[in-house]
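Q: With the input below, show me the fold.
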Amino acid sequence: MKHESIILRNRDRKEVERFADARCGEDQSLYKKRGGFKREDIVIGALAELAVYRFLKNQGFKVKRPDFTIHTKNKKSFNADLTDGNKHFHVKGQSINSAIKYGNSWLMQRSDKLTKEPELNHYLVPTEVNLRTLEVKIFGFPSFTALHHYNVFMDCKVEWFNKSKCAIYLDALAFLSLKARWGMLKNYKD
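A: This is a model prediction of the structure:
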């Protein structure tokens, strides 16, 4: 499947590691209560956001740098990870190890309003992160309208996640046309 690759730098990894350390601290109980975050998940998500940020900047979008603010459980937000004020990008990161184990897939909260009904100008950005090489593969920018049209929200392979989460599998995204996955970009070519 068509993807774009961004190679991050060691200084990006250091920034993300500091953020993960600050977010986890010595006590990870807050994040376990929020759905089983592991430190590695935080690193993967932050690296994915940095890569997508760079990609969008290179495409001419005026997006703000990722916000690595640490939120308490009651301040958790479903807001987009990146925005230019008009378009809202919801970045999902997955490690290569997870992709090998479960297939390329990205989880969303069932309680997220975007899994129930699309909103204009909201886009999913599914990525795969290689922690060794710092390569981040971006698999497109499908709108949530397209995701709902093609009914890509599925049950998770890990059954106990299904109560609170749904999965979007790369295999399901393959049913979307290239234009549905990449068409919002200025230099998109069929």
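Q: for this protein, what are the low-confidence residue spans?
A: Scanning the chain with the threshold set as pLDDT under 70 gives 25-37, 71-77, 186-190.
Q: can you give me the helices for it?
A: 10-24, 29-33, 39-58, 96-102, 113-116, 144-149, 170-173, 178-182 (DSSP state H).
Q: Most tightly packed of the ones you listed?
A: Per-stretch averages of neighbours, counted by mean count of other CB atoms under 10 Å, single out helix 39-58 among the helices of the chain, with a mean of 21. All C-beta atoms are positioned from the backbone trio N, CA, C, and that covers glycine.
Q: next one: that one to chain centre, how far?
A: Remark: helix 39-58 is offset 8 Å from the chain centroid, using CA atoms, centre = their mean, to the nearest Å.
Q: swap in stretch 147-162?
A: Here stretch 147-162 is found 15 Å from its chain centre; the criterion is CA atoms, centre = their mean.
Q: Buried ones in that stretch, by neighbour count?
A: Neighbour counts over stretch 147-162 (16 or more other CB atoms under 10 Å) mark L147, Y150, V152, F153, C156, F161 as buried.
Q: for those residues, which one is nearest F68?
A: For the buried residues of stretch 147-162, the residue nearest F68 by CB to CB is F161; the value is 25.3 Å.
Q: How about the closest one, nearest residue that isn't a chain neighbour?
A: L107 (6.7 Å; CB to CB, 6 or more residues apart in numbering).
Q: F153 now?
A: Here the residue nearest F153, using CB to CB, 6+ apart, is C166, at 4.6 Å.
Q: Over to W106?
A: Leaving aside its sequence neighbours, W106 sits nearest to K92 (CB to CB, 6+ apart; 3.6 Å).
Q: what sits against that neighbour?
A: Residues near K92 by CB atoms under 8 Å, 6 or more residues apart in numbering: A48, W106, L107, M108, L124, V125, P126, T127, I168.
Q: Compare those residues and tell me which is most surrounded.
A: A48 (29 neighbours; other CB atoms under 10 Å).
Q: Does that one touch N130 like I think?
A: No - counting by CB atoms under 8 Å, A48 stays clear of N130, with 11.1 Å between them.
Q: who touches both of the two?
A: With CB under 8 Å, 6+ apart as the test, A48 and N130 both reach V136.
Q: quick one on the thing from earlier: would TSV of the helices of the chain with distance to L134 be doable?
A: Listed next are those as TSV, based on distance: least, CB to CB, whole Å:
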stretch	distance to L134
helix 10-24	6
helix 29-33	23
helix 39-58	7
helix 96-102	12
helix 113-116	29
helix 144-149	28
helix 170-173	21
helix 178-182	23
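Q: Which among those is found nearest to E4?
A: Ranking these by their distance to E4 (criterion: CB to CB) puts helix 39-58 first, at 6.3 Å.
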